[in-house]
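Participant: Just to be clear, the model below is a prediction. Sequence and coordinates:
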Amino acid sequence: MASAHNPQGAAELAHAGQLLIGSQWQSASDQSVVEAVTNPYTGQTVAEITAAAAEDVEEAVRAAEAGAARWRRTPAHERSGILLRAAELADERVDRIAAILSAENGKTIAEATAECSRSGELIRLATFEGTQLYGETLPLDANPGTGLEKVGFTVRQPVGIVAAITPFNYPSLLVLHKIAPALAAGNAVILKPARTTPLTALALAQCFVDAGLPEGVLSVLTGAGSLIGDLLVSDPRIRKISFTGSTGVGERITQIAGVKKLSLELGASSPTVVLPDADLERAAEAVAKGGYANAGQVCISVQRVVVHRDVHADFVDALAAKVSQLRAGDPSSASTDIGTLITEGEAERVHDSIRDAVSRGARLVTGGDRDGAVVQPAIVDGVRLEDPLSQQELFGPAVAITEASDLDDALAVANGTPYGLAAGVFTGSVSTITKVIREVDAGSVHINWTPLWRADLMPYGGLKASGIGKEGPRAAVAEMTEVKTIVLHG
């Protein structure tokens, strides 16, 4: 396997800084705008890319118009054959793409390989759903005045052009959760990957191109989201926006998108509730996994643990024993549990957030030191609900612990932020589980586990400021198609 510091084929897979426009690799219109993709651990340049200009965005949209017309008329079984071949190529290239991902993202090589290993199956799941665009019959004769001479039914068709805007934290999975369902449903796609992690997206796009994706169907535009994203979102020719990122950017998208379909997976401050009848060892083990994966840069990371006061001290001790064993450092080392944050600036922000919580009266149980882009996994106890460490998304390797007096208090704390992406609870009581299911305001609720768990096939998306719409292949295909009602008059 190539070193994560200098992955083999990175420049080749990025096509020496080219853009993918309409399934064809080509140079940007202004080749003087060059951006370095750097390794957040070493600071070394992994590869250089060129930034798309407004002319490139326009060319991609025009290519997508032609590609969408061609792709929607391609029979589903033919689309399926191409996408299944792309899945095979993604499987064959796991090690190569994982090395690229780790190098540009700072994720440990083990985490990067695990992420990329899901690529092929995710494409297959989406491909299947794209062949299952069933409609339904309408009982028009049940309508007064309508007779048996009329027949009604619905059909689904692609929306046309989908713009996919993806973040840095899962540069393989979150790209595929958007482009695979969009392609499977018969749409053309224009992908804008995160500025810090474009190489993984380009490598995945190459799988689709090599599989025989027709001209015009897929574009990948690298560069500044403030330019590319705004142009894509506001373009009336684009009928669907699928975005994962911050709530602030999501709000801006709603303001400039116009009349089109939106899926927005936004911020979070995901809670896990630990009650007196919980298995504390299991809960501590799960939080130690769920709070620090990908250096906490996961929207469903365990940011907050709400612990009943009767088991508070025992839980903190159990969690501290596990977290203190986690090794943070060189992402390319097999012995590293936690890699870097995406940039040193982000590491500084997380470090400052931990110090701010302590200045407000919280107690740093363990961790929190920073070395470059690496932050040691931290536990911060005594965090109040109103503190920024509860109310704002941290996106870093720290877990805030808040004590609750009883179940109702715990649920109030769990629901007490603007977000509602996912939540977890540890309890042995069926009646408590029932109450949690009914009263916790989150898009996913995990019983006896933390929020950091996702099957690629399940519906996924949040409530409140955590967004609108659902991902997961079946849900995404539904949101990337239109329903048309047909009435035959006798």
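Facilitator: That came through fine. Given the structure is predicted, the values throughout are model-derived calculations rather than measurements.

Participant: Sticking with the spatially most central residue of the chain, tell me its helix or strand.
Facilitator: With distances taken as CA atoms, centre = their mean, Leu174 lies nearest the centre of the chain, 4.3 Å away. Using DSSP states H and E, the element containing Leu174 is helix 173-184.

Participant: Please save the CA atoms from that helix in CSV.
Facilitator: This file holds the C-alpha atoms of helix 173-184, laid out as CSV (Å, rounded to 0.1, in the frame of the first residue of the first chain):
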residue,chain,number,x,y,z
LEU,A,173,-19.0,7.8,1.7
LEU,A,174,-20.7,11.2,1.6
VAL,A,175,-19.8,11.6,-2.1
LEU,A,176,-21.3,8.3,-2.9
HIS,A,177,-24.4,8.8,-0.8
LYS,A,178,-25.2,11.6,-3.2
ILE,A,179,-23.9,10.7,-6.6
ALA,A,180,-24.7,7.0,-6.6
PRO,A,181,-28.5,7.4,-6.0
ALA,A,182,-28.6,10.4,-8.3
LEU,A,183,-27.1,8.4,-11.2
ALA,A,184,-29.1,5.3,-10.4
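
Participant: next SSE after the helix or strand of the chain with the lowest mean pLDDT?
Facilitator: Counting by mean pLDDT, DSSP states H and E, the chain has its least confident helix or strand at helix 10-13, which shows a mean of 47. Using DSSP H and E, the helix or strand that follows helix 10-13 towards the C-terminus is strand 19-21.

Participant: Outside of that next one itself, list whatever touches it.
Facilitator: Counting by CB atoms under 8 Å, 6 or more residues apart in numbering, strand 19-21 makes contact with 25-28, 50, 52, 56, 59-60, 63, 202, 205, 209, 218-222, all of which sit outside it. (C-beta placed from N, C-alpha, C; glycine too.)

Participant: Could you list which of these belong to helices?
Facilitator: Counting by DSSP state H, those place Asp56, Glu59, Ala60, Ala63, Leu202, Ala205, Val209 in helices.

Participant: now that we have the residues you listed, which one has the most neighbours?
Facilitator: In terms of neighbours by other CB atoms under 10 Å, the ones in helices among the contacts of strand 19-21 top out with Ala60 at 30 neighbours.

Participant: Report the separation between that residue and Gly462.
Facilitator: Distance, Ala60 to Gly462, by CB to CB, to the nearest Å: 30 Å.

Participant: The helix holding Leu174 - contacts with which helices or strands?
Facilitator: helix 76-92, helix 119-130, strand 161-165, strand 188-192, helix 198-210, strand 240-244, helix 473-479 (3 or more CB pairs under 8 Å, 6 or more residues apart in numbering; DSSP states H and E).

Participant: tell me what the fourth one is packed against?
Facilitator: Contact here means 3+ CB pairs under 8 Å, 6+ apart; on that basis strand 188-192 packs against helix 54-72, strand 161-165, helix 173-184, strand 218-220, helix 225-234.

Participant: Cool, thanks, talk later.
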